[in-house]
Structure formats: C-alpha cells, structure tokens
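> no FASTA, just this:
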C-alpha cells in the first residue's frame, strides 16, 4: 500500500516548495483537487519541481470539460513529467454541474463518463499511433484531427485514468476500463468490502482483467486528537447530508439521519449538523487512533482494501514534517 499526499488549498506560487517537500518526505504521489482552484495548473508546477514522485488530479470535474480538453491537458502533463501524471476524473453532482458550471447533466452518468474516457483514449491513440479518429457515440461525435492540431507522439503515452465514485455504477465502470478508482472520503471498510469492491470485480471480469490491473485509492478520515475528531464529525455530517451519498448511510441503517442532515443543510443550519453524528457513526467513517499507532492502524483497517492511501488532512510543509517522514517510511 502506497502513501500519497493531498495538496493543500494554496496559491500557485506556493506549489513549487510543496512539491519539493512532498518528494523529500517520501510520498508516492501528490494529488490536486478541484474546489477553489483549477486542478491542472498546479500539476505543471509539481512536474517541474519534482523528479520521481507521481502526481495527479483527485479529482478534476469531467462533466465540466470536453474530453478533448482533458486529452490535450493530460498529454502535455505526461510529456512534461516523463509519464508521472495520473488523470483522475469525477462527475460531481447534478446541482454543481448545472448551477456552478452551467453545463448539462446527463441522463446516464456512467454512459457519458464511459464515452468521455473512450474519446480521450481515441485521441491519445490517434496522436501516438496515427489511428484514424472516428468516435461516434450518444454524447460525442469526434472525427476531426488535422496535422496542425495533432501534438504528436510522446515517450510515455500510457496515461493512467482513475475515476471517482460513491455508488456501484462508477465502481463497475472503473473495473471495466480504468487503471484506478478514487473512493470517496465518505466511506467505510464495510461499505468498501460489501458494495464497492464487488462492483469493481464485476467490471474487471467483464473486461477480462485481474484485480492487479486496478489501483484502489482511499482518502480516509483520521482522528488522533480532539480537534481532528471535531473536524471529522463536521465533514462526515456535511457529506452525509448530500442526497447523492445517501446510499452509504442507507447501507449502515442511518438513512433517517441522512434525511435530517439534508434538511439542516437546505436551511443553512450547519452548526447543528455535527451533533447528529453519533460515536458509532464516527467510528465507522473515521479511524480513531493515535499518531504513534496511525501507520499500523491504517494498514490493519485498509490493507486488504486499498492500494493507495491519502490522509484527508493535506500535507503542509513545516507542519509535523518529522511525523510525516516517519509515516511515509512505514509505507516504503
């Protein structure tokens, strides 16, 4: 199991120092996210200011972009980094796609994401091997690639694609046609073992692949102090209030609590929400441990589930560097 790091929410000018520090700590990869900032711009700086560490998006919102945009960006980053870039995609939820990005939400989420991945790979195949570009699907018709717009071959064209998900449809899709699956932070070992991993296996069997062909990446909540426990309880309440993630609460028998949380969220009553997260829920969704036992407890809790682990807490250089180094050594 590899230990990765999450990039903190910072300005671009701070990325070089963070990339250098993350590689020195010994993280296997550094992941960017799409919240307040674009997820791809930091990747150019990470590629420039690191030499061996992998990096990628966890995630970039795929439905906010055309597959051609994604293909070009990933191609350039793979070339710049000598093949260290991982393209991580997520669909986001309907409200954000329609009201934050002004795009259309598809009737079939898995259907559109499947076509996006197919188009991306068709473009890569065209650029690398000269294959005629002729994709015709339900969502996309991509048939034009003149020499002026063809970036040409690169040394490392096999760019891994990870997709993120909470429910079984996207987990099956990952197993069928992706190199990795980003499990949502709002998760539990029980949900992974009984719902997500079997769905991934269905996809793997459909494509005739083995489990080793795909990496499962998890970003668990951890709490080693009262402050971290309070933060985890707040984040769990936020995620549990989202209708798209209700299946996780339903699975554990907490659907009624999820509905109450959604009611609070719709009114903007955020302060009341963490109080609905019981200790039982907290222990299900968050690893409660000590800093000294964290590495061993992560391996015990997720060793049979995940291939990569990223703590939900982002890596900030200068804060607990010795602790981060010790943690990274335990995974190397």
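Done, it's in. What you see is a predicted model; the values in this text were computed from it and never measured.

> Okay, domains of the chain per the record?
The record's domain parsing of the chain by automatic domain parsing lists 2-223+287-331, 225-286.

> Tell me which of those domains is the most buried.
Greatest average neighbour count among the domains of the chain goes to domain 2-223+287-331 (a mean of 18), per mean count of other CB atoms under 10 Å. Bear in mind the C-beta positions are built from the backbone N, C-alpha and C, glycine included.

> Need the mean per-residue confidence for that one.
Average pLDDT, domain 2-223+287-331: 97.

> Pull up the distance across stretch 82-94, start to finish.
36 Å (CA to CA, to the nearest Å).

> Please tell me how far the residue most central in space within the chain sits from residue 300.
In the chain, the residue lying closest to the centroid (CA atoms, centre = their mean) is residue 58, at 3.4 Å. Note on residue 58: its distance to residue 300, by CB to CB, to the nearest Å, is 24 Å.

> Next: residue 79.
Separation of residue 79 from residue 300 (CB to CB): 40 Å.

> Residue 235 now?
22 Å.

> Now the residue nearest to the centre of the chain. Nearest residue, chain neighbours left out?
Computed as CB to CB, 6 or more residues apart in numbering, the closest residue to residue 58 that is not its neighbour in sequence is residue 31, at 3.8 Å.

> That neighbour and residue 90 touch, don't they?
No: with contacts counted by CB atoms under 8 Å, residue 31 stays clear of residue 90, the gap being 11.9 Å.

> And the contacts of stretch 68-86?
Contact with stretch 68-86 is made by 29, 40, 43-44, 46-48, 50, 52-57, 60, 62, 87, 89, 116, 119-120, 123-124, 127, 142, 151, 154-162, 179-180, as judged by CB atoms under 8 Å, 6 or more residues apart in numbering.

> circling back: let me see the contact set for the residue nearest to residue 58.
Residue 31 sits next to 4, 5, 6, 7, 55, 56, 57, 58, 88, 310 when contact means CB under 8 Å, 6+ apart.

> try 6 Å this time
Neighbouring residues of residue 31 by CB atoms under 6 Å, 6 or more residues apart in numbering: 4, 6, 58, 310.

> name the element the first one belongs to?
Which is residue 4. Using DSSP states H and E, the secondary-structure element containing residue 4 is strand 2-6.

> Sheet partners, orientation included, of that strand?
Strand pairing for strand 2-6, using DSSP bridges, gives strand 29-32 (parallel), strand 308-310 (parallel).

> just how off-centre is that strand within its chain?
Distance of strand 2-6 from the chain centroid (CA atoms, centre = their mean, to the nearest Å) equals 12 Å.
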